[in-house]
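1. Here is the input, now give the coordinates:
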Amino acid sequence: MGSATRLRLIAEHDPPSAALLLRLLRIAVRVLPQAVVGGKFAHTLSGTCGTDGAWRLRPLGTSPRQGAIAATAGL
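-> Residues are numbered from 1 along each chain as shown. Got it, this is the predicted structure:
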């Protein structure tokens with residue numbers, strides 16, 4: 001079962017949750033690539049908001065397991 005199918009099933013039963021999930025998925029696809037450090041996936045992304053309102057992310061720690069999960073998810 002693909003991600004789109006799962007999201008559609010959720011939307012049929014709980015449209016607000018499906019909308020939130022779609023928003024989170026879009027954020028993950030945009031932000032998670034910034035978590036790669038030296039070919040390994042950072043365990044945590046710490047962020048600070050700059051004076052311009054933009055977030056600055058800083059990867060902390062690494063996790064081969066999280067890297068493998070992200071790789072299989074295509075991130």
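2. Touching, Ala11 and Thr5? I think so.
-> No. Ala11 lies out of contact with Thr5 (Cβ atoms under 8 Å); the separation is 10.6 Å. (Each C-beta comes from the backbone N, C-alpha and C, glycine too.)
3. out of the two, which sits in the busier spot?
-> In this view Ala11 and Thr5 are compared by other Cβ atoms under 10 Å, and Ala11 has more residues nearby, 15 against 9.
4. ok, now how distant is that one from Arg23?
-> Ala11 is 13 Å from Arg23, where distance means Cβ to Cβ, to the nearest Å.
5. Same question for Gly53.
-> Shown here: Gly53 relative to Arg23, a distance of 19 Å by Cβ to Cβ.
6. Between these two, point out the one with more neighbours.
-> Neighbours per residue (other Cβ under 10 Å) separate Gly53 from Arg23, with Arg23 holding more: 10 against 6.
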